[in-house]
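> fold the following for me, if possible:
(2 chains)
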Amino acid sequence: DGGITQSPKYLFRKEGQNVTLSCEQNLNHDAMYWYRQDPGQGLRLIYYSQIVNDFQKGDIAEGYSVSREKKESFPLTVTSAQKNPTAFYLCASSIVTGYEQYFGPGTRLTVT
Amino acid sequence: QKEVEQNSGPLSVPEGAIASLNCTYSDRVSQSFFWYRQYSGKSPELIMSIYSNGDKEDGRFTAQLNKASQYVSLLIRDSQPSDSATYLCAVNMLNTDKLIFGTGTRLQVFP
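Got it, this is the predicted structure:
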């Protein structure tokens, strides 16, 4: 079955710790994205990658970092510099940028 | 003005009725338009894509695009309680790599 997996589903961290969220896809898509969704809010783009070894900042990149060493994988690190990290994090992919995006199940991060 | 606007709702319709969800966008040269359904606590699921003016039907769903008036709508026929969710409109604007999402319309279908 083709799809996007994110792990873990729930993640709890103490303030001041970095945490890395996993995103893997086997759809053979070139483009991958990270979004953040807060309660009652829309999706906000954190980072995106059009191709391996390349990525661009989205609208809210401060306090986050990414890497794209493999086509299938696009991990997101939430650093201690992110002021309000508690949110629902969604990874998505598309065949190329600008086309329909498919989402993973999401990771709900809680930082206390 | 927001780039993609949706009425937050909730839009309440009785079971069996037609639900009509609307989305307006600001960039006249937008090219691709998408509707996603998001159940509470879950991730968005793509339900319709539309690229040219007119109607596109898929089962109980019809997407309607009017580029001159800069709106795209989603009709859900024979609405079911299982259609109760938030519906997100997304637009790809010319020469950008990104989809711009609206904040969503919450639909409630009551028995």
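> every contact and neighbour count from this point should use C-alpha atoms.
Will do.
> tell me which parts of chain A are close to chain B?
Residues of chain A lying close to chain B by Cα under 8 Å from any Cα of the partner chain are A:41-43, A:90, A:97-106.
> buried among these? Make that a ChimeraX selection.
Selection of buried members from these for ChimeraX, criterion 16 or more other Cα atoms under 10 Å in any protein chain shown:
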select /A:42,43,90,97,98,99,100,101,102,103,104,105,106
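> out of the residues of chain A next to chain B, who's nearest chain B?
For these, the residue nearest chain B by Cα to the nearest Cα is A:G42; the value is 4.1 Å.
> any idea how far B:Y87 is from the closest one?
In this view, A:G42 and B:Y87 are 11 Å apart by Cα to Cα, to the nearest Å.
> roughly how far apart are B:D78 and B:T24?
24 Å.
> and the residue lying closest to B:S84 once chain neighbours are set aside, what does it touch?
Distance criterion Cα to Cα, 6 or more residues apart in numbering or on different chains; nearest residue to B:S84, sequence neighbours excluded, is B:Q108 at 4.7 Å. Listed by Cα atoms under 8 Å, 6 or more residues apart in numbering or on different chains, the contact set of B:Q108 reads B:10-13, B:81, B:83-85.
> among those residues, which one has the most neighbours?
B:S84 (21 neighbours; other Cα atoms under 10 Å in any protein chain shown).
> hmm, it is touching B:V109, no?
Yes - counting by Cα atoms under 8 Å, B:V109 is a contact partner of B:S84 at 5.5 Å.
> now B:D58: closest residue in space that isn't a chain neighbour?
Leaving aside its chain neighbours, B:D58 sits nearest to B:M48 (7.7 Å; criterion: Cα to Cα, 6+ apart).
> from the chain's centroid, how far away is the helix or strand encompassing the one you found?
B:M48 belongs to strand B:45-50 when elements are defined using DSSP states H and E. Mean-position distance between strand B:45-50 and its chain equals 8 Å (Cα atoms, centre = their mean, to the nearest Å).
> can you dump the C-alpha atoms of the helix or strand immediately after that strand in the chain in CSV for me?
Next along the chain after strand B:45-50, taking DSSP H and E as the criterion, comes strand B:54-58. Below are the C-alpha coordinates for strand B:54-58, written out as CSV (Å, rounded to 0.1, in the frame of the first residue of the first chain):
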residue,chain,number,x,y,z
GLY,B,54,-17.1,24.5,-14.9
ASP,B,55,-18.3,21.5,-12.9
LYS,B,56,-16.5,18.3,-12.0
GLU,B,57,-18.5,15.5,-10.5
ASP,B,58,-17.3,12.5,-8.4
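> neighbour-wise, which of B:D78 and B:T24 wins?
Taking neighbours as other Cα under 10 Å, B:D78 and B:T24 compare with B:T24 leading, 21 against 14.
> surely the more buried one touches B:V72?
Yes - under the criterion of Cα under 8 Å, B:T24 makes contact with B:V72 at 6.4 Å.
> chain A contacts on chain B?
B:32, B:34, B:42-46, B:49, B:92, B:96-99, B:101-104.
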